[in-house]
Each structure stands twice: as C-alpha cells, then as structure tokens.
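**Q** take a look and give me a structure for this.
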Amino acid sequence: MDEKQKRQRPMVNAATVEKCKNLKFLGYFLNATGAKREDLTAHMGITTAAFGRWFSVDDIRYSNLVRIYDYFGYDVKMVFTYADDKAPSRATAYAILNMLDPSKKLNPLFVEMKLNNFNFETIGAKLSRTAQAVNHWFLEDEIAVSMLFKFANAMGATLELVPEVREKTSAV
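**A** Numbers count the residues shown, from 1 in each chain. The predicted structure follows:
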C-alpha cells in the first residue's frame, strides 16, 4: 500500500464503527480528522493492534480518550441530558466545582453525581459495584468509557463525550 492509499484509508473501518455502541462517536470523529492511524498511535506510544482492540471490544480508558482529543487540539466535554426534564439544579454546581481539584478530569461526573444526590454507595449499587470501586475511579481519575455511559444512565441521564476546541491561553 502506497502513501496516498494510506492517507485515503479511514482511521477506523466504517463497518467497525457501525458495530460500536460506546465508541461510535470516537470512530466518526477520528475518520473526520483525515489523520493517519499510524501517526496517532506513534504519538500515543501504542501499537496499531492496541488501537484496533479498542474498537473490537468497544471500550477505551477515559485517559486514552482525553489523549486522543488532545492530539487534535480538543478537550473532552461531558454533556449530560435528562430525558424527563428533571435535570438537577445547577445552582450548587459551581460551589461543588470550586471544592474539587481542578486537574481532575472526572470532576463533571462527580458534580452530576452530587447534584443528583448520589453517593458512592448508591451509585455503586446501581452499577453492581462497591462503593470502594466507585471511589477509586475518582481517586485515580480514571474510568472506562463504557462505565461512564452506564454511570450517566444510572443517574437517569444520557451522556455525550463532545470534542471541544481548546481555548488558547495567552502567555502573560
């Protein structure tokens, strides 16, 4: 396969993307970039086989999703939507966020959990996990993307992981 054919090949096979439930959004995003799989995997320090495995098992660690979006200059934005118009009040969201370590990527999930009056025990029970397992996700700032979707569903919401163009910070 020559270089031109490699560039024209989608990063993720369309049939593979369509089979995915959890990573469909990522497959569409990656194919829209026009980038080469080899460039991304080299940047991330992984093999193309490891990359392909994410789509074959339809799951990825959240930190890897963050690294992929970062490679293209995006941040990951968690957008929670509540079907029954019973979205929690946002009045206390900023107060909760101000108490959290700003470097933690799972802060939006933690805020949603608190706004919905869930604690580690109650959300753990809904997900068939222990409170310690749920606490561990937040301590390590790591979770599987499939579990993020289950977590949102347990709170009565749907979740979208949207690429958001990173704001440029000016040097002072």
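**Q** need the helix or strand of this protein with the lowest average pLDDT.
**A** For the chain, using mean pLDDT, DSSP states H and E, the weakest element among its helices and strands is helix 3-8, scoring a mean of 59.
**Q** can you show me the CA trace of the helix or strand just after that one as PDB?
**A** Following helix 3-8 in sequence order, the next helix or strand is helix 14-19 (DSSP states H and E). Taking Å, rounded to 0.1, in the frame of the first residue of the first chain, the C-alpha atoms of helix 14-19 are listed here in PDB:
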ATOM      1  CA  ALA A  14     -16.800   2.100   8.700                       C
ATOM      2  CA  ALA A  15     -18.300  -1.400   9.400                       C
ATOM      3  CA  THR A  16     -16.300  -1.500  12.700                       C
ATOM      4  CA  VAL A  17     -17.700   2.000  13.700                       C
ATOM      5  CA  GLU A  18     -21.200   0.900  13.000                       C
ATOM      6  CA  LYS A  19     -20.900  -2.200  15.200                       C
END
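**Q** low pLDDT regions in this protein?
**A** 1-8, 84-95, 97, 169-172 (pLDDT under 70).
**Q** all helices for this structure, in order.
**A** 3-8, 14-19, 24-33, 37-44, 48-57, 62-71, 93-99, 107-115, 120-126, 131-140, 145-154 (DSSP state H).
**Q** quick one: closest of those helices to residue 162.
**A** helix 24-33 (8.2 Å; CB to CB). For every residue, glycine as well, the C-beta is placed using N, CA and C.
**Q** which residues sit against that closest one?
**A** With CB atoms under 8 Å, 6 or more residues apart in numbering as the test, helix 24-33 has contacts from 10-12, 14, 16-18, 20, 40, 55, 60, 65, 68, 72, 160-161, 163.
**Q** selecting buried members of these in ChimeraX, what would you type?
**A** Buried residues among those (16 or more other CB atoms under 10 Å), as a ChimeraX selection:
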select :11,12,16,17,20,40,55,60,65,68,161,163
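**Q** start to end distance for stretch 16-31?
**A** Taking CA to CA, to the nearest Å, stretch 16-31 runs 12 Å from one end to the other.
**Q** same question, stretch 42-54
**A** Across stretch 42-54, first to last residue, CA to CA, it's 16 Å.
**Q** any chance you could list what contacts that stretch?
**A** Residues from elsewhere that reach stretch 42-54 (CB under 8 Å, 6+ apart): 23, 37, 38, 40, 41, 60, 64, 67, 68, 71.
**Q** one more: stretch 157-172?
**A** 25-26, 29, 65, 69, 72-83, 87, 112, 145, 148-149, 151-153.
**Q** give me the buried subset of the residues you listed.
**A** For the contacts of stretch 157-172, a neighbour count by 16+ other CB under 10 Å gives the buried set as 25-26, 29, 65, 69, 74, 76, 78, 80, 112, 145, 148-149, 151-152.
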